[in-house]
Structures are given as C-alpha cells and as structure tokens.
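predicted model and sequence follow; I will ask about them next.
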Amino acid sequence: MELDTKSFQVKDADGLNRFKSGFVVNDFKDRSFIDFSPEGGSSCDVDVENKELISAVDFWSMNPELALNSGIDIKTADTNSNLQLLDPNCKKTGDLITLDYEEVDWIEQPQATTVENVNPFNVD
C-alpha cells in the first residue's frame with residue numbers, strides 16, 4: 001500500500017506532478033492513538049465499527065428552550081397546545097415549530113357531483 005501511494009501521481013492544472021508531503025497508514029481498529037486531552041487534544045475520532053477516521057463529534061449539547069411570548073409563564077403553560085412564541089415570525093402548531101404561515105385553500109369545489117364507484121365489482 002505504501003509503494004502504491006508513493007508512486008501515485010497527482011497532476012496540477014499545468015500537468016506537473018504535485019508535491020506529496022506524506023501519507024498516513026492506520027487500520028483504525030481502536031482509538032488508542034488519539035490524544036483527547038482538553039488542552040490541545042485531537043479534533044478527530046475513530047468509528048471503530050466501520051474502521052474509519054471521522055471528524056470529532058460534539059457529545060455535549062444544550063437542551064433547547066422554547067421562547068414563549070413574554071405574557072406566557074413557561075412553568076404553567078401546556079407545551080402540547082398551540083402557544084404564541086416570542087418571535088412573531090414563528091408559529092408553534094402541536095409539536096412543530098415553523099415559520100409563520102397562513103393557510104389558504106388550494107382547490108375549492110363548491111358544487112357537488114354524484115358519487116362514482118371506480119370498483120366495477122361493487123354491485124348494489
């Protein structure tokens with residue numbers, strides 16, 4: 001593998017061989033070679049199951065907090081209902097928070113027609 005990589009040529013736009021400063025050979029079977037120290041540790045990780053080097057995953061996150069209108073007390077509000085949010089450009093409908101929208105009819109058919117059964121075997 002090292003010989004294949006060393007002899008591999010990468011050409012630039014002018015057709016010249018680009019300079020290769022080195023390559024890494026690792027089977028990525030464990031994480032023992034990574035320094036995870038807080039002061040200057042690695043910014044990569046290893047997916048041991050797939051044996052791949054991956055970018056670091058942030059395991060620390062903050063819980064989201066719903067920003068309700070200032071007149072609503074978050075402690076007593078029923079968060080399962082539709083609530084007015086702090087930002088008037090957003091809307092909470094059920095479990096979803098979306099940009100504010102207005103519902104309009106796509107198709108309106110005020111005249112009724114007769115029912116036509118499309119099943120030919122449905123005999124009355």
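Alright, I've got the coordinates.

check the closest residue to residue 41 other than its chain neighbours and give its pLDDT.
Once flanking residues are discounted, residue 41 sits nearest to residue 35: 4.9 Å by Cβ to Cβ, 6 or more residues apart in numbering. C-beta: built from backbone N, CA, C; applies to glycine. Residue 35 is assigned a predicted lDDT (pLDDT) of 83.

domains for this protein, by residue range?
Listed by automatic domain parsing, the domain ranges of the chain are 1-61, 62-103.

need the helices for the chain, in chain order.
For the chain, the helices defined by DSSP state H occupy 2-7.

and the domains of the chain: which comes nearest residue 114?
Proximity to residue 114 (Cβ to Cβ) singles out domain 62-103 among the domains of the chain, at 29.3 Å.

avg pLDDT for that closest one?
87.

with stretch 17-31 instead?
76.

then stretch 116-124?
pLDDT averaged over stretch 116-124 gives 75.

residue 17 and residue 10 touch, don't they?
Yes - using Cβ atoms under 8 Å, residue 17 is in contact with residue 10, at 7.0 Å.

and the pLDDT for residue 58?
Value for residue 58, per-residue pLDDT: 67.
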